[in-house]
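Peer 1: Build me a structure from this.
(chains A, B, C and D)
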Protein chains: 2
Amino acid sequence: MIFSSKAEYGVRLMVELGRQSPEQPTSLKAIADAEGLPLAYLEQVVARLRKAGLVMSARGAHGGYWLARPAEEIAMVDVVQALEGAIAPMECFVHDHTERVLCSHEADAGRCATKLLWMRVQGGIIRSLQTTTLAELVEFSRRTELAQTA
Amino acid sequence: MIFSSKAEYGVRLMVELGRQSPEQPTSLKAIADAEGLPLAYLEQVVARLRKAGLVMSARGAHGGYWLARPAEEIAMVDVVQALEGAIAPMECFVHDHTERVLCSHEADAGRCATKLLWMRVQGGIIRSLQTTTLAELVEFSRRTELAQTA
DNA sequence: GGCAATCCGACCATCCTGGTAGGATATGAG
DNA sequence: CTCATATCCTACCAGGATGGTCGGATTGCC
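Peer 2: Residues are numbered from 1 along each chain as shown, chains lettered A, B, ... in the order given. So this is what the prediction gives:
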């Protein structure tokens, strides 16, 4: 399993928000019920999305969440990154700029042949996430829903 | 971190084997020393590669491991798959054919919009792993080694 | 005021990961 | 034959991440 359930839940949540009109906020409870997810856990998930500026919120009665931008302008790479942190196939990719942990073979720096491989994998992942917008997923969700009703 | 250290160690091991002439086997100890990895743990890693038919082994004194095929004919997707198991971005992708666990929303089967996303991600990963051969990594390793010596 | 909601931090059980330990087995060298 | 070297196999274990719960503080509509 490459991505944690935070990503799964978070993406579901975003799709659900994308299906709602942005006029009035949607409560987490409604989403938790619709998707069958634990409310308390969803709170933690949506907090990440909010801090990343992807959703906005209103407190109090009749409060809730809505997309900060139209779904067309939200690339899934931003969503997943907000939920999972940096998208790195390997440990040494994470701290590249921050600490000096890197891989066990930092001494060999340039000689690290595996880095070439992980770079390509990372590229493949990011590219696929960048070329997918939330709007596509919402659209897909709507279509398959119709197909089921019919 | 998307891939575990098994993948990291296993890939290093394969590169190391690729650098050796396949005439005579290379002992794990030599690789462990060269790469600074724990021998006992490498044993578990190499066992997976052997069971996947990627390396062969000889027991006893002067025994060791060597590539089962030329490095040019080894796609990294096979290596990573042997080390990590199925390459699945999400839980529900793993048991697709075996058990009936799938995602928490199996009831919605077709309606699962996130599946579209994970499919694309999975595609991106597999494509990048399929188009990279062990020979490339070995070549890269040799080049950067030269660059360092010079 | 009361209810519905977001917010926040602490807590917790369980699983996975990375690694160790110990031994059984095979085999070439002397 | 024996010894050193090596693969092979299984069990075990500590620590951290994961997925989730709980309790409460705060906010704001009715």
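
Peer 1: Give the ranges of residues in chain A that sit below the confidence cut-off.
Peer 2: A:94-111, A:148-150 (pLDDT under 70).

Peer 1: so where do the strands sit in it?
Peer 2: With strands called from DSSP state E, chain A shows them at A:55-58, A:64-67.

Peer 1: State the phi and psi torsions of the closest residue to DNA strand D within chain A.
Peer 2: Nearest residue of chain A to DNA strand D: A:Gly60, at 2.2 Å (C-beta to the nearest atom of the strand). In short, each C-beta sits where N, CA and C put it, glycine included. The phi and psi torsions at A:Gly60 (degrees, to the nearest 10) take the values phi 80, psi 180.

Peer 1: what's the neighbour count on it?
Peer 2: 6 (other C-beta atoms under 10 Å in any protein chain shown).

Peer 1: How about the residues of chain A by DNA strand C?
Peer 2: Taking C-beta under 7 Å from any atom of the strand, the part of chain A that reaches DNA strand C is made up of A:27-29, A:40, A:43-44, A:46-47, A:50, A:57-65.

Peer 1: Just the buried ones from the residues you listed?
Peer 2: For those, a neighbour count by 16 or more other C-beta atoms under 10 Å in any protein chain shown gives the buried set as A:28, A:46, A:64-65.

Peer 1: Would you mind trimming these to those in range of DNA strand D?
Peer 2: Residues of these in contact with DNA strand D (C-beta under 7 Å from any atom of the strand): none.

Peer 1: Could you dump those residues into CSV with distance to chain B added?
Peer 2: Supplementary listing: these in CSV, determined by distance: C-beta to the nearest C-beta, whole Å:
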residue, distance to chain B
A:Leu28, 17
A:Val46, 16
A:Gly64, 20
A:Tyr65, 18
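
Peer 1: Show me the two of those that sit farthest apart.
Peer 2: Farthest pair in those (C-beta to C-beta) is A:Val46 and A:Gly64. Separation: 10.1 Å.

Peer 1: Which neighbours do the two have in common?
Peer 2: By C-beta atoms under 8 Å, 6 or more residues apart in numbering or on different chains, A:Val46 and A:Gly64 have these common neighbours: A:28, A:57.
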